[in-house]
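Peer 1: Here's a sequence, model it:
(one chain, ligands or ions: 1)
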Amino acid sequence: MLFEQIATGGCQSYLLGCPDTQCAVLIDPEISQIDRYQGLASRYGVRIRYVIDTHTHADHFSAAHRISETLGVPTVMHQVSPAPHAGLRLGDDEMLIVGNLRIRALHTPGHTRDSMCLVVGDRVFTGDTLLIGGTGRTDLPTGNPEQLYDSLFGKLLTLDPALLVYPAHDYKGRTHSTIGAEIAENPRLQKRDRAEFVQMMRELNLAAPTHMTEALRTNMTGGKTVSQLLADAAAKVPHIGLEELRRHIDGGANNLLVLDVREDAAFRSGHIPGARHLPRGQLELRVNEEIPDPTMRIVTCCEFGKISTLAAATLRELGFMRAVALDGGMKIWRDKDYPIET
Ligand SMILES: [Fe+2]
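Peer 2: Numbering: from 1, shown residues only. Model (predicted):
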């Protein structure tokens, strides 16, 4: 089996491939690693056939939807997953056949209702059901400590003790463990009485993960994260550096329109000399009267260089083919003591 474990902070994702047929699957991909997964697949000469999420992640951004769309392959999740983009849904004990690999899903609710573990040959991908020296938490949406107890003690831990355990998270740099080692040493699994286990899980009092609402929104719906939206816009427009813009302005460029897209108060408190003001919220409403010449060279600017990128992308879509965005924003412009007009 071709095997790569890709760590992103504490998130673990996996590329598994069949060397005989050159087909592969991706398990729990993370949004910032899309190029890496595709690079690895190319390096091994494998084609990714399925993208699997072991559950609805609440703590990081899944790349499953994005990669599925790019590659034209299904996102695979459990039957009860809320994600509308899950094109293939597995029930308990159902299997994906990928070349010579047999990937068997075990429904293991508890961390989330749609959690599943994946048994492949000598190893099991445990998602957040079982971690090395821990378990997934059960206090986030659809979590349930009783179900986690049943999934662990009634199902996962009854598998061959020699099976290698590859979890969806590890924050201590460990790569894997075994079922046997976890039964023997995992502190949470020492509470083998159902009521004691449930009480322990209920008393963990963990802080909510950062970005939880955004992660749930995007992972449950297949929508974009805010940074994806910005990255997509940035990929569609050229940028110009602050220093270069300043040089053009100092040189008295009269073929360049600096378009400040911030709100009124921000614009009035100080802007790039000669900048025209058209707030982002009114861009589509007023663009025809404000910029009659679609061939005009336009540089959009805002406070931090994010909204200006969206504005430049919108202008390009509207046909202003020379719209570019400032690489940076007024914050850095002021910090550099570049000229300001009030
Ligand atoms: Fe999770």
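Peer 1: Point out the residues in the stretch 101-250 of the chain that sit beside the ion.
Peer 2: residue 128 (CB under 5 Å from the ion). In this view, the C-beta of every residue, glycine as well, is placed from N, C-alpha and C.
Peer 1: Skipping adjacent residues, who's closest to the residue of the stretch 101-250 of the chain found nearest the ion in space?
Peer 2: The nearest approach of the stretch 101-250 of the chain to the ion comes at residue 128, 3.6 Å away (CB to the ion). Spatial nearest neighbour of residue 128, excluding adjacent residues (CB to CB, 6 or more residues apart in numbering): residue 136 at 3.1 Å.
Peer 1: what number of residues lie near that neighbour?
Peer 2: 27 (other CB atoms under 10 Å).
Peer 1: quick one: the helices in the stretch 1-150 of the chain?
Peer 2: 34-44, 64-71, 145-153 (DSSP state H, counting those that start in this stretch).
Peer 1: List of residues touching the second one?
Peer 2: Taking contacts as CB atoms under 8 Å, 6 or more residues apart in numbering, the residues outside helix 64-71 that touch it are 26, 29, 31, 34, 37-38, 48, 51-53, 73-75, 77, 83, 85, 87, 222, 228.
Peer 1: now with 6 Å?
Peer 2: With contact meaning CB atoms under 6 Å, 6 or more residues apart in numbering, helix 64-71 is reached by 29, 48, 51, 53, 75, 85, 222.
Peer 1: The longest one too?
Peer 2: By CB under 6 Å, 6+ apart, the list of residues contacting helix 34-44 from outside reads 2, 4, 15, 17, 26, 29, 48, 63.
Peer 1: Those in strands, which ones?
Peer 2: 2, 4, 15, 17, 26, 48 (DSSP state E).
Peer 1: For the ion, see how far away the first one is.
Peer 2: Applying CB to the ion, to the nearest Å, one obtains 25 Å for the distance of residue 2 from the ion.
Peer 1: how many neighbours does that residue have?
Peer 2: For residue 2, the neighbour count with other CB under 10 Å is 19.
Peer 1: wait, residue 298 sits on residue 259?
Peer 2: Yes - under the criterion of CB atoms under 6 Å, residue 298 makes contact with residue 259 at 5.4 Å.
Peer 1: Neighbour count for those two, which is higher?
Peer 2: Between residue 298 and residue 259, residue 259 has the larger neighbour count (other CB under 10 Å), namely 28 against 23.
Peer 1: what sits against the closest residue to the more buried one other than its chain neighbours?
Peer 2: Spatial nearest neighbour of residue 259, chain neighbours left out: residue 300 (5.0 Å); criterion: CB to CB, 6+ apart. Residues in contact with residue 300 (CB under 6 Å, 6+ apart) are 259, 261, 308, 311, 312, 325.
Peer 1: try residue 54
Peer 2: Listed by CB under 6 Å, 6+ apart, the contact partners of residue 54 are 28, 116, 127, 168.
Peer 1: one step back: which ones among the contacts of residue 300 lie within strands?
Peer 2: 259, 325.
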